[in-house]
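S.K.: Need coordinates for the below:
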Amino acid sequence: MYLLVFGLMILGMVFLPGLWVQHILSRYSKPEDRYSGTGAQLARHLLDKYGMQSVKVEETRDGDHYDPNDKAVRLTPDKYAGHSLTAITVAAHEVGHAVQDSEGYKPLRYRSHLVKVTQKFEKLGAGILMISPFIGAITRVPGLGIIMFLGGMLTLGTSTLVHLVTLPTEIDASFNRALPMLEKGNILKKADQHHARRILKAAAFTYVSASLMSLLNIARWFAILRR
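M.R.: Residues are numbered from 1 along each chain as shown. Down below sits the predicted model:
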């Protein structure tokens, strides 16, 4: 009984943040015509206003993000062409990252460097996972499970590290960059200001939920190997 309760608590800690983020972003995606301009138009307006004319605004299906290498704010279709409060606020959040980049915000640079480094470890881990079954079949290595576990740790553990290190950068982009831009520019309707804060918090904590899901994947790997 205690194990069941403990297990449910762990699942709640892992899944609830992600569900909360999805709920907030979905809730304020209605009404779809809340604002006259789109998320892409607002992003372009803010970038130009703050002297970042060279930064592009592009549509993507790989999740809302700012690419410091290509100097591009990328928004998913519902944000790029959307007129909702969520579209407007998320666009401002990603512009917040562009502002960080233009000002030489060191945590953003550290994150970008960390992503490049951990990508190499993830590829190594994926390679180990791919060749482990063949090694086991040919050599009958008794420690194959340990090899696979290490591969999974390299693949998933490094991703978790990136997500955790990213959090302060996300919070800064939301509340020290995006929120002042929205407030000073009188972009938000007065009734939306409180709700925009909730969206910005959800945008910042997107990486926390992703990190927790990565930890769950590591736990699943460990459970499989123990069988």
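S.K.: Now do the strands in this structure.
M.R.: Applying DSSP state E to the chain gives strands spanning 56-59, 65-67, 72-75.
S.K.: partners of the first one in the sheet?
M.R.: Looking back up the chat, that one is strand 56-59. strand 72-75 (parallel) (DSSP bridges).
S.K.: just the shortest one next, same as before
M.R.: Strands adjacent to strand 65-67 in the sheet, as given by DSSP bridges, are strand 72-75 (antiparallel).
S.K.: got a list of what residue 56 touches?
M.R.: 70, 71, 72, 73 (Cβ atoms under 8 Å, 6 or more residues apart in numbering). Any C-beta I mention is one placed from the backbone N, CA and C, and that applies to glycine too.
S.K.: For beta bridges, what are the partners of the last one?
M.R.: Yep, that's residue 73 we're talking about. Beta-bridge partners, per DSSP bridges, of residue 73: residue 57, residue 66.
S.K.: right, and it touches residue 96 too?
M.R.: No - between residue 73 and residue 96 there is no contact under Cβ atoms under 8 Å: 9.8 Å.
S.K.: Next one: residue 71 relative to residue 195, how far apart?
M.R.: 30 Å (Cβ to Cβ, to the nearest Å).
S.K.: that older thread, would you mind finding the most buried of the strands of the chain?
M.R.: When you average the neighbours per residue for each of the strands of the chain (mean count of other Cβ atoms under 10 Å), strand 72-75 leads with a mean of 23.
S.K.: so for that one, what's the average pLDDT?
M.R.: The predicted model assigns strand 72-75 a mean pLDDT of 98.
S.K.: Having no further points to raise, I will conclude here.
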